[in-house]
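Undergrad: Model the structure of this input:
(one chain, ligands or ions: 1)
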Amino acid sequence: MTTEPSIVCDNLVRIYQTEGVEVVALQGLDLLVEPGDLLAIVGASGSGKSTLLNILSGNDVPTAGRASVAGYDLLELSGRRRAEYRRDVAGFVWQQASHGLMPFLSAAENVALPLLISGVPRRERTERAAELLTLLDIDHCRDHRPAEMSGGEQQRCAIAVAVANRPQVLFADEPTGELDSTTADEVFAALRRTNDELGTTIVIVTHDPEVAEHVDRTVAIRDGRTASETLRRTELTAEGHERIVAEEYAVLDRAGRVQLPREFVSTLGLRDRVRLELEPDHVGVWPGAGGPVSGSGEPGGEEEAR
Ligand SMILES: Nc1ncnc2c1ncn2[C@@H]1O[C@H](COP(=O)(O)OP(=O)(O)OP(=O)(O)O)[C@@H](O)[C@H]1O
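TA: Predicted coordinates:
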């Protein structure tokens, strides 16, 4: 197993030029994803999710910065390497399951198709398709065409198609955007099972913050930058019960920048300038005009207001 990170985005910048106006969609985005991670990237509309995904899928190149997936430098992909990257290295699942499925083929034939294209012998194709349909809990749809499956079954079938060629990384773009919440839970559970059983690195990109309950790591992007990360782990209580702990971290980029959560900024009325104080084990941040007296260590000292 490779110890190299699956995905490296280093200071990614993407500027769009439309009619003389520049839109900075990504402004120095950093992201490191380790092999086998199950990660969600969450952001509001316009935060830069599609721009990032377009770069990671090899459809677009950044204006500056570096991006690589499984050792493939996405800025240097020639036509042949790009086709190889899309066929063998990165799998994709879209919001509309139908994007990944052939309407005239059964579920089993759909899953076997990428293997056929890669020259895998018939017996192996049939076995692999059966294995994946079982893993995704849709064996009963083996002979059904997409139109004969529910939305959730179609999406699970699309996941099976996307991982048929054993890609190292699977990107899922709003995979539950068109599903009700119960069906969405089933699709998230299917992605988790795929991650557990096949070891595929999975990145789910969505505007839905609920996804955080289904993954180990959630990266929030805001204004084209990674703003915060929530890490989720299971720990044992003193009584021996399992408990899920979710902790939110701000992301410190290589230039030392941190984005404060919006609610912190509004609660303390922070704006323009803030005062920073280095303590032995933390950094304090105070509103510019009401910070501590240098060396006092106490926030809000009156002297500071003068
Ligand atoms: N081709 C383009 N030309 C000009 N501006 C663009 C282009 N594509 C995206 N943008 C702008 O870049 C910013 C980021 O857009 P992006 O589509 O990446 O966000 P998003 O998080 O995917 O949003 P949504 O969830 O609505 O799809 C937005 O301000 C958007 O208007």
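Undergrad: which helices and strands sit right next to whichever helix in the chain runs longest?
TA: What stands out as the longest helix in the chain, according to DSSP state H, is helix 181-198. Counting contacts by 3 or more Cβ pairs under 8 Å, 6 or more residues apart in numbering; DSSP states H and E, helix 181-198 packs against strand 38-42, helix 122-135, helix 151-163, strand 169-173, strand 201-206. In this view, the C-beta of every residue, glycine as well, is placed from N, C-alpha and C.
Undergrad: next one: it to chain centre, how far?
TA: With Cα atoms, centre = their mean, to the nearest Å as the basis, helix 181-198 stands 15 Å off its chain's centre.
Undergrad: quick one: average confidence on it?
TA: Regarding helix 181-198, the rounded mean pLDDT is 93.
Undergrad: Put the alpha carbons of that helix into PDB.
TA: C-alpha atoms of helix 181-198 as PDB (Å, rounded to 0.1, in the frame of the first residue of the first chain):
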ATOM      1  CA  SER A 181     -33.200  11.600   3.700                       C
ATOM      2  CA  THR A 182     -33.800   7.900   4.300                       C
ATOM      3  CA  THR A 183     -32.500   7.000   0.900                       C
ATOM      4  CA  ALA A 184     -29.600   9.400   1.300                       C
ATOM      5  CA  ASP A 185     -28.600   7.600   4.500                       C
ATOM      6  CA  GLU A 186     -28.600   4.300   2.500                       C
ATOM      7  CA  VAL A 187     -26.300   5.800  -0.100                       C
ATOM      8  CA  PHE A 188     -24.000   7.300   2.500                       C
ATOM      9  CA  ALA A 189     -23.900   3.900   4.200                       C
ATOM     10  CA  ALA A 190     -23.000   2.300   0.900                       C
ATOM     11  CA  LEU A 191     -20.200   4.700   0.400                       C
ATOM     12  CA  ARG A 192     -18.900   3.900   3.900                       C
ATOM     13  CA  ARG A 193     -19.100   0.200   3.100                       C
ATOM     14  CA  THR A 194     -17.200   0.700  -0.100                       C
ATOM     15  CA  ASN A 195     -14.500   2.600   1.800                       C
ATOM     16  CA  ASP A 196     -14.300   0.000   4.500                       C
ATOM     17  CA  GLU A 197     -14.300  -3.100   2.300                       C
ATOM     18  CA  LEU A 198     -12.400  -2.000  -0.700                       C
END
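Undergrad: pretty sure residue 220 is touching residue 249, no?
TA: No - in this structure, residue 220 is not within contact of residue 249 by Cβ atoms under 8 Å, at 10.3 Å.
Undergrad: any common contacting residues for these two?
TA: 228, 229, 230 (Cβ atoms under 8 Å, 6 or more residues apart in numbering).
Undergrad: Can you check my assumption that the second one lies in a helix?
TA: No - following the definition DSSP: H, G, I helix; E, B strand; the rest coil, residue 229 is strand and is not counted among the residues of a helix.
Undergrad: so what's residue 14 closest to, chain neighbours aside?
TA: Take residue 14 and drop its neighbours on the chain: the residue closest to it by Cβ to Cβ, 6 or more residues apart in numbering is residue 26, 4.2 Å away.
Undergrad: got the contact list for that neighbour?
TA: Counting by Cβ under 8 Å, 6+ apart, residue 26 has contacts 12, 13, 14, 48, 51, 52, 55, 62, 65, 224, 225.
Undergrad: Much appreciated, bye for now.
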